[in-house]
Structure formats: C-alpha cells, structure tokens
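1. Quick one: sequence and predicted model below, then my questions.
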Amino acid sequence: MDCRVVNVPLTGPAFGLKLHREGEVGVVGVQGEIDLVTSPYLGQALNEVRRRNILMDLTGAEFIDSSGVSVLCQSHYRQRQDGRELTLLCDTGPVLNALKLFGAHRLLQIVSPAPAMNGDGVASASAAQR
C-alpha cells in the first residue's frame with residue numbers, strides 16, 4: 001500500500017485520512033472531526049489496512065462522537081479475531097476525553113505520542129506535562 005490521502009468533501013469542518021504502511025504496520029492518520037458523517041470513511045480506511053496490525057493516529061483529530069468510537073471498537077474486535085492489533089496514537093484533549101467518557105479506553109490500546117524534543121534532546125516542558 002502506497003501512501004494515499006483521502007479528502008472527504010463535506011459542508012462542515014475539513015476531514016481527511018492518510019493511509020500508508022510502515023513495515024508490516026498499516027497506519028491511518030486522521031485530520032478533523034470523526035462523527036456520524038465521517039465515521040463510514042474511517043471504517044472503510046480501517047478495512048483497507050485490516051490485513052496487518054494497525055496504528056491509528058488520532059493526534060490530528062479534533063473531535064470524535066459515539067459513531068466514531070463504535071467504528072474503532074468494531075475494528076478492534078475484527079483485528080483481535082484475525083490475531084492482529086489496533087493501537088490508537090492519541091494525545092490529551094477532546095478525543096481522549098471522549099474515549100474515556102464512552103469507556104473505550106478500557107477496551108482499546110491507547111498510546112501517547114513521544115514527547116517533543118528541543119535541540120538538546122531534552123523533552124520540552126509542554127510535552128512533559130502530558
């Protein structure tokens with residue numbers, strides 16, 4: 001799978017998906033809001049990379065509702081049935097708060113992005129406060 005960008009023409013906030021592969025891991029990056037309108041596109045993207053472990057990069061996501069959380073949980077179950085994993089890369093903010101509100105943090109594997117480093121190789125203060 002080559003790098004592919006999917007932009008979804010919507011009337012609301014911009015939403016985009018970027019699909020690529022890093023070794024044997026399928027990476028799906030999200031920009032914008034994951035909601036009732038955009039979650040089917042996310043589901044399609046997750047199905048496209050299903051044959052390998054998936055890293056879902058949610059650091060560019062601004063919002064997720066119950067339909068988006070449902071897509072992530074369904075993908076998690078499909079991956080587990082196939083002996084593969086779905087890992088969410090998610091920083092603090094509204095998306096992580098929503099995952100916790102829906103209780104999905106108990107089911108899904110969520111990791112934080114690596115802290116940002118300054119020129120001296122030392123984590124920046126803002127990254128260290130996460």
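-> On my side now, so go ahead.
2. Contacts for the longest helix seen in the chain next, please.
-> Counting by DSSP state H, the longest helix found in the chain is helix 66-81. Contact with helix 66-81 is made by 34-36, 38-40, 42-43, 46-47, 50, 53-54, 56, 85-86, 88, 98-99, 102, 104, 107-108, as judged by C-beta atoms under 8 Å, 6 or more residues apart in numbering. C-beta: built from backbone N, CA, C; applies to glycine.
3. which of those residues are buried?
-> Neighbour-count burial (16 or more other C-beta atoms under 10 Å) is assigned, among the contacts of helix 66-81, to 34-35, 38-39, 42-43, 46, 50, 53-54, 56, 86, 88, 98-99, 102, 104, 108.
4. Do you have the strands of the protein handy? List them.
-> 4-8, 15-22, 25-34, 53-64, 86-89, 109-111 (DSSP state E).
5. per-stretch mean pLDDT over those, give me the minimum one.
-> Mean pLDDT is lowest for strand 4-8 among those, at a mean of 62.
6. I'd like to know how far A98 sits from R51.
-> 28 Å (C-beta to C-beta, to the nearest Å).
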